[in-house]
Structure formats: structure tokens, C-alpha cells
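K.L.:
Sequence and predicted model, in that order:
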Amino acid sequence: MEATGNSQPAAPNGCRNGTAAATASQLDEAIKKGSVKTVRQLLEEGANVNSKVEGGWTPLHSAVQADQEEIVSFLLEQGADPHARKDNGATPFIIAGIVGNVNLLELFLSKGSEINEKDNNGFTAFMEAAWYGREKALKFLYENFSDEKERDVNLGRIVSTQQRQMYKGGETALMDAARKGHLSAVKTLVKEMRASMHACDNFGRNALIHALRLPQKRNTILRQNKNIEPIVSFLLDCGADVTGRDENGKTSLILAAERQSQDLVELLLKTSKVDVNAMGNDGETALKVAVENNHEEIAKLLCENGARADGSDVFAAKENYNNEMVVLLLKYRATATNSQPPKEWAPTSKCWGEQLRRLHGINSPQIRKLNIIFDEYYALRASLKEAST
């Protein structure tokens, strides 16, 4: 019947409790609470089984995230799209890898999911299982790769040009497990799945460097993952290359010093393959990092293993009012100058301006004998000798 006067038209099916968006929200909430009865009721009233809430989450995505197998099966029976993607490109199958639910992974494979399908950040279900330490899912996925090409556990993430500019791309499952501190997953990937410790991402970082990199939230350093040291030890025992650097030119030893872990520094020094005086792109050595962090034990350990203390290190210790550190550095023949690092300087060379500016910023005081400075960043070897007076 045609509406007359001020009466409102009846709400469309599925919107009796409000707008379609509100109904989708109700459905999402019911799934998160695990209420099969409410989910069934909402769908019977016409709720869209493939509706989306913020972030592109469909009911199926939410059911997988909530680890609700019964609801997942029911939604699929009601026509839920097993290949739907969130805004970030993640499918329900990839979410199942995060959750680590082998039954759901198997279910989605039977529905046509591809084992190496990727989200917008290049993550596969296998990579997600490694990132979250879901070892059962990791093994299941490895066993269900259909051929050797699919079974390439050293497959690196494929990312966009914009993401590469943010130092992302090329990371493997082993790098992810190592960075997140999942010791058992790391061992499984190396021992059982032959993951390469020598594989590098788009920026030359291997699994060891990823394990040593600081957490994104710097304040979490005091709550370090207890598995990082065993992981580093395991990787070193398996022959990991300790000479690699991160995107900022920081060596494994510098990263260990940044983590303020004496045990990590000691592990790396015992390999006798690290350059104790190597500098990052910012001109800082592992010793300089230890001094700035007031970590006397690490500073002493580095000095005992040949770290060259100089005037800038002493200056940093004095800035921290750490007289014990000053005494330590002077004991290891640091110059007692109070001069600060060089001031900003503008080179005239158009071709080498940036490199010269950075070289100028590296404080390396002259001493009474020949001082040889090695710096891989500039691929040069410079000899400095104190000018005679």
C-alpha cells in the first residue's frame, strides 16, 4: 500500500533494527561474543552475510579472528565469500594463519583459497604464522605446499614502491619469527624447513639483524623478549653472518648495544668476526651507544675487546655526569678533550656534498701516531697523521 500523510515507509529487510551499517555492526558484535543464536537470528532477519564494518572486516573475517569454527562453517553455508578481502587485502585464510587454527586453514583450502595468497603488505598465511609463532599452522602449511616452488620458505614479501621507501619488503618467514622472538618457530624453520639464514630482505638485512633490531616502540626495550638472546645464539651456532648491517648502516654489534644487552654483545664478540669499531651511517660505534646509554659493563667489555675510545665518547660520558664512565674511557687511552663533535659544515661539491657532510660529522680526533679509519659507507681508506708543530 502506498504511504500517505506523515507515515514513514517500512524499513527494508535486514534494517529493522536500524540502518544496514548498524545491522552489520550488530552482526560483527555477535560474532565476537560467539553468540551463534544471535548471528543466526540476524541473518534470518536479512542481515547481509558479506556486509563490512570499519577496516573492511566481513562477518567471516571476524569469525576467523574470534576462532569461532561453528560460526565460520555456518556463515559459509549462508553464502559468505571465503575470498573476501579486508581493506589491507587480508583474506579469511590469511587471518586463519594469524590465529593458527589448522582446521580453518584446511577448511579454506577446500573452499579454493590459495596457499600463498598475499595481503597488500605482502604477507602470506605462512608468514603470518611465523610472525605470531603459530608453529602447528606453520607445519601444516609447509606440508600442504603442492610443489617445490610453493614450498619456498625463503620467499620474501613483495611490496609497493611506497612501502619500499619505508624500508619494507623482502622479509622472509624466518626473519619474522626471529624478530618477534619465537624461538621454537625459528628452530623449526631452520632445522625442518631448511630456511636460509643467509637470505636478505630488500635492504640487505638477514635474520640475525632482524632479531637484533629494536622494537618499534622504543619504551619496550626494558621488557625485551626473553627469547631474543637464545635466538641470536642459535643463529650464530648455525653460521649466521655477523657482518650484515641494517638500513641505517648499523652492525649487529651496534644493534646489540642499542638493546643494552651485555649477553648479546658478548655472544657477538665471541665470534671474533665483528668489527668492534665499525660505525653506522650516523657515525656512532657500539661503544658510543653504550656510553650514551650509561651502560658501563658493555662499554668495558667493548674496550677490552679493542674498541677505540675517543674524545667524543668522553664528552658524552661527561654530559651524562658519569664520572665512572669517564675514568673507564681514559683508562683505555681516550683523549681527554672536551670538544664537542664537529659543527654543521656546508661542502661545495654538488656530487659528493651529502657524503662529505656525513664524513665531516664523524668525530675522529687525531692522535700521536698514524690512525687508520675504515668506513665501508664511503668505500675508502683514509690515513690521518697529526700535523707537526
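P.N.:
On my side now, so go ahead. Residues are numbered from 1 along each chain as shown.

K.L.:
residues in contact with the closest residue in space to Tyr332 that isn't next to it in sequence?
P.N.:
Nearest in space to Tyr332, with sequence neighbours left out and distances taken as CB to CB, 6 or more residues apart in numbering, is Cys303 at 4.2 Å. C-beta here means a position set from N, CA and C on the backbone, and glycine is covered the same way. Residues near Cys303 by CB atoms under 8 Å, 6 or more residues apart in numbering: Leu287, Ala309, Leu328, Leu329, Lys331, Tyr332.

K.L.:
Recalculate using a threshold of 7 Å.
P.N.:
By CB atoms under 7 Å, 6 or more residues apart in numbering, the contact set of Cys303 is Leu287, Ala309, Leu328, Tyr332.

K.L.:
Let me know the pLDDT of it.
P.N.:
pLDDT recorded at Cys303 is 95.

K.L.:
same thing with the one 10 residues further on?
P.N.:
pLDDT, Asp313: 90.

K.L.:
Verify the stated contact: it with Val291.
P.N.:
Yes - contact criterion CB atoms under 7 Å: Asp313 and Val291 qualify, at 5.0 Å.

K.L.:
Between the two, point out the one with more neighbours.
P.N.:
Val291 (31 against 28; other CB atoms under 10 Å).

K.L.:
Tell me the secondary structure at that one.
P.N.:
helix (DSSP: H, G, I helix; E, B strand; the rest coil).

K.L.:
so who does it touch?
P.N.:
By CB under 7 Å, 6+ apart, the contact set of Val291 is Ala299, Asp313, Ala316, Ala317, Met325.

K.L.:
And Ile95, by the same measure?
P.N.:
By CB under 7 Å, 6+ apart, the neighbours of Ile95 are His61, Val64, Gln65.

K.L.:
how far away is the last one from Gly89?
P.N.:
Taking CB to CB, to the nearest Å as the measure, Gln65 and Gly89 are separated by 15 Å.

K.L.:
what do you get for Pro347?
P.N.:
44 Å.

K.L.:
Am I right that Tyr325 is in a helix?
P.N.:
Heads up, residue 325 is Met, not Tyr. Yes - counting by three-state DSSP, Met325 is found in a helix.

K.L.:
hang on, Thr124 packs against Lys118?
P.N.:
Yes - Thr124 lies in contact with Lys118 (CB under 7 Å); the separation is 5.5 Å.

K.L.:
Go through the protein and flag its longest helix.
P.N.:
Among the segments of the chain that qualify as a helix by DSSP state H, the longest is helix 20-33.

K.L.:
Extract the CA atoms of it and return them as PDB.
P.N.:
In PDB, the C-alpha atoms belonging to helix 20-33 read as follows (Å, rounded to 0.1, in the frame of the first residue of the first chain):
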ATOM      1  CA  ALA A  20      22.400  -1.500   7.200                       C
ATOM      2  CA  ALA A  21      25.600  -0.300   8.800                       C
ATOM      3  CA  ALA A  22      24.100  -0.700  12.300                       C
ATOM      4  CA  THR A  23      22.900  -4.200  11.400                       C
ATOM      5  CA  ALA A  24      26.400  -5.100  10.200                       C
ATOM      6  CA  SER A  25      27.800  -3.800  13.400                       C
ATOM      7  CA  GLN A  26      25.400  -5.900  15.400                       C
ATOM      8  CA  LEU A  27      26.300  -8.900  13.400                       C
ATOM      9  CA  ASP A  28      30.000  -8.300  14.000                       C
ATOM     10  CA  GLU A  29      29.500  -7.800  17.700                       C
ATOM     11  CA  ALA A  30      27.500 -11.100  18.000                       C
ATOM     12  CA  ILE A  31      30.300 -13.000  16.200                       C
ATOM     13  CA  LYS A  32      32.900 -11.600  18.600                       C
ATOM     14  CA  LYS A  33      30.800 -12.700  21.500                       C
END
